[in-house]
Structure formats: structure tokens, C-alpha cells
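> Below are the sequence and a predicted model for it; my questions follow.
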Amino acid sequence: MLERVLVRCATSYVSRMVPEVVFVLGAPGAGKGTQCAYISREFGFEHLSAGDLLREERQRPGSEYGEMIEAKIREGQIVPVEVTCSLLHRAMMRSGKNRFLIDGFPRNQDNLEGWTRAMSDKTKLLFVLFFECSQELCVDRCLERGAAGSGRSDDNLDSLRKRFDTYLKDTMPIIDHYQGCVRPLSLFYSDASADRVEEKSLVPRSLAHSAQTERDESCFFERATGVHLFIRGYHIKKT
Ligand SMILES: Nc1ncnc2c1ncn2[C@@H]1O[C@H](COP(=O)(O)OP(=O)(O)OP(=O)(O)O)[C@@H](O)[C@H]1O
Ligand SMILES: Nc1ccn([C@@H]2O[C@H](COP(=O)(O)O)[C@@H](O)[C@H]2O)c(=O)n1
């Protein structure tokens, strides 16, 4: 009896120690970084942007991947998962935190398979957030960000066309994959102003259908209330 209780306690302790992960997906400029900043402030998640980590690695003197990363970013293509996954893993280890928002990952089948191979049994995937926004608005936002001095080599029309091709061809199937999972994919409609994000759907159904349905509805929640309520629903406490 005592042995069983001890095993149960140990198992529960160990499972609490496993890093918890939330993937955050959406088109370029959909507002992933903006919403992640809000969620990490409110709920104490460590925000790790795969794109930011790749840009840092590109800048690191002596990086053997710098040129390859720059070429991929400018062409809107996806860097091989071995590079991205090891950057994410290292950032997770260094943070000393146990709860992560992984922004802009997994972006394609290679990302998904690489993460599954290397990280899925070392982490617990809590859920996936998907921010949807019209392509027109996303492009405007990225161009404005470029004009405001983002310094990003891909905030220009030529790169944005390629980034959207990659998003539609390679990332949408990953979003569809999570739609089909038992674990919910939660959709948020981020066409609204920066402080209003509407939760779209908690049940798996056709993305095209749900996007249209929600576009036809006009209610918006106060300051990202949709995201807030959804995450609180997972018993994740505000820090
Ligand atoms: N709801 C919003 N309304 C207006 N502007 C927004 C909104 N959300 C984000 N922005 C602005 O749009 C730009 C892109 O936002 P953000 O960087 O959060 O998007 P992202 O999805 O992380 O982009 P990327 O994938 O290109 O890194 C930023 O300049 C941000 O300030
Ligand atoms: N998993 C990823 C994420 C990003 N990239 C590359 O970085 C570019 C910018 O990404 P943002 O999330 O900051 O928009 C992206 O277009 C890719 O070139 C990647 O390869 N893999």
C-alpha cells in the first residue's frame, strides 16, 4: 500500500517536472508574437520564438548555419528541424522555466517529425493556439513593421509572397493535423485591433467553414479575452 502511494506521488512529481509546451501558429504577421507577449506576461509562460532564435543564430559570429539561415529566411523557406529544434531545446534549458510558448513552430512536416523524434517524450504538449488573420492585413502589418525599422530581411513584398506560399503549402497541413487531434486546436481571429482577439472555435471542424462563420459574427472580446479564458480553462493560473 505504502509502496503504491509512494509510486503515485513520485509519478505525479515527475509529471509536474516535465516541461509544458504550447505551440503558437498563424500566418506571417497574424500577431503571434504580440499575443505571446501578452500570454507570457499574464500566465508566466516563457516565450520562445523559433524565428527570433534563428535570427539570433544567424547573427552569432562563427555560426556554421548563419548563411543558410539567412538564405532560407529571405526566401521564406523553412530551416531544417535539427537546427531549429536544437536552438529551441537549448533556450528551454537555459531559461530555467517549465512552461513554454513556442511561437512559429512546427511550421512543416519536417519540423513536426523532428520535434516528435527529439522532444515529444521530454515535454508535454498542452495545446496549440492558432491565430488567423486575412492575408491582406498580415502583409500590411509586416510591411509597416519593415517601414518602422524592424530590420528584418523578410519584411518586404518579395519575401512576403514566398512566406505566404510556404505558409499555405507547408504550415496549413500542420494546422489541419492538429485540428484532427484529440487535443484541441484553438482558433483566434486576430484581424481585430491589437488589444482585441476573438476566440473562434474550440471544436474541430473545417477551417474554411469556421473562418467564414466567425467572420460573419461581430462580437469581440475585451483585451484578448478569448485567449485568456481558453488558457484559464486549462487550470493555468495567472502569475
Ligand atoms: N491585432 C493587431 N492589430 C494591429 N496590429 C497588430 C495586431 N497584432 C499585431 N500587430 C502588429 O503587426 C505586426 C506583426 O505582429 P507580430 O509580430 O505579433 O506577428 P507575428 O505573427 O509574430 O509575425 P511573424 O510571423 O512575421 O514574426 C507588428 O508590427 C505588430 O505590432
Ligand atoms: N520553425 C521555423 C520558424 C521560422 N523559420 C524561418 O524564420 C522566418 C521568420 O519566422 P517568423 O516566425 O519570425 O515569421 C520564416 O519565414 C522561416 O524562414 C523557420 O525556418 N522555421
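Received the coordinates, thanks. Ligands and ions are numbered 1, 2, ... in the order given.

> Who are the contact partners of Leu185?
127-130, 175, 178-179, 204 (CB atoms under 8 Å, 6 or more residues apart in numbering). C-betas here are computed from N, CA, C, even on glycine.

> helix, strand or coil for Arg163?
Following DSSP: H, G, I helix; E, B strand; the rest coil, Arg163 is assigned to helix.

> all helices of this structure, in order?
Assigned by DSSP state H, the chain shows helices spanning 2-17, 32-43, 50-59, 66-74, 81-95, 109-118, 135-147, 157-166, 172-179, 207-216, 225-232.

> Which among the contacts of Leu185 count as buried?
Neighbour counting by 16 or more other CB atoms under 10 Å classes 127-130, 175, 178-179 among the contacts of Leu185 as buried.

> Could you provide these in a markdown table, with additional columns for distance to Val79 and pLDDT?
Output for those, formatted as a markdown table (distance: CB to CB, whole Å; pLDDT from 0 to 100):
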| residue | distance to Val79 | pLDDT |
| --- | --- | --- |
| Phe127 | 25 | 92 |
| Val128 | 20 | 93 |
| Leu129 | 22 | 92 |
| Phe130 | 21 | 91 |
| Ile175 | 19 | 93 |
| Tyr178 | 21 | 91 |
| Gln179 | 25 | 84 |
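
> and those residues as a markdown table, adding distance to Arg94?
A markdown table is the format used below for the buried ones among the contacts of Leu185 (distance: CB to CB, whole Å):
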| residue | distance to Arg94 |
| --- | --- |
| Phe127 | 24 |
| Val128 | 24 |
| Leu129 | 23 |
| Phe130 | 27 |
| Ile175 | 29 |
| Tyr178 | 27 |
| Gln179 | 33 |
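
> possible to save the residues you listed as CSV with distance to ligand 2?
Shown next, in CSV, are the buried ones among the contacts of Leu185 (distance: CB to the nearest ligand atom, whole Å):
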residue, distance to ligand 2
Phe127, 18
Val128, 14
Leu129, 14
Phe130, 14
Ile175, 13
Tyr178, 15
Gln179, 19
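
> The residues you listed: which ones sit near ligand 1?
Contacts with ligand 1 are made by none of the buried ones among the contacts of Leu185, judged by CB under 6 Å from any ligand atom.

> Would you mind listing what in the chain touches ligand 2?
The chain comes close to ligand 2 at residues 28, 50-51, 54, 72-73, 76-79, 84, 104-105, 107, 111, 154, 163, as judged by CB under 6 Å from any ligand atom.
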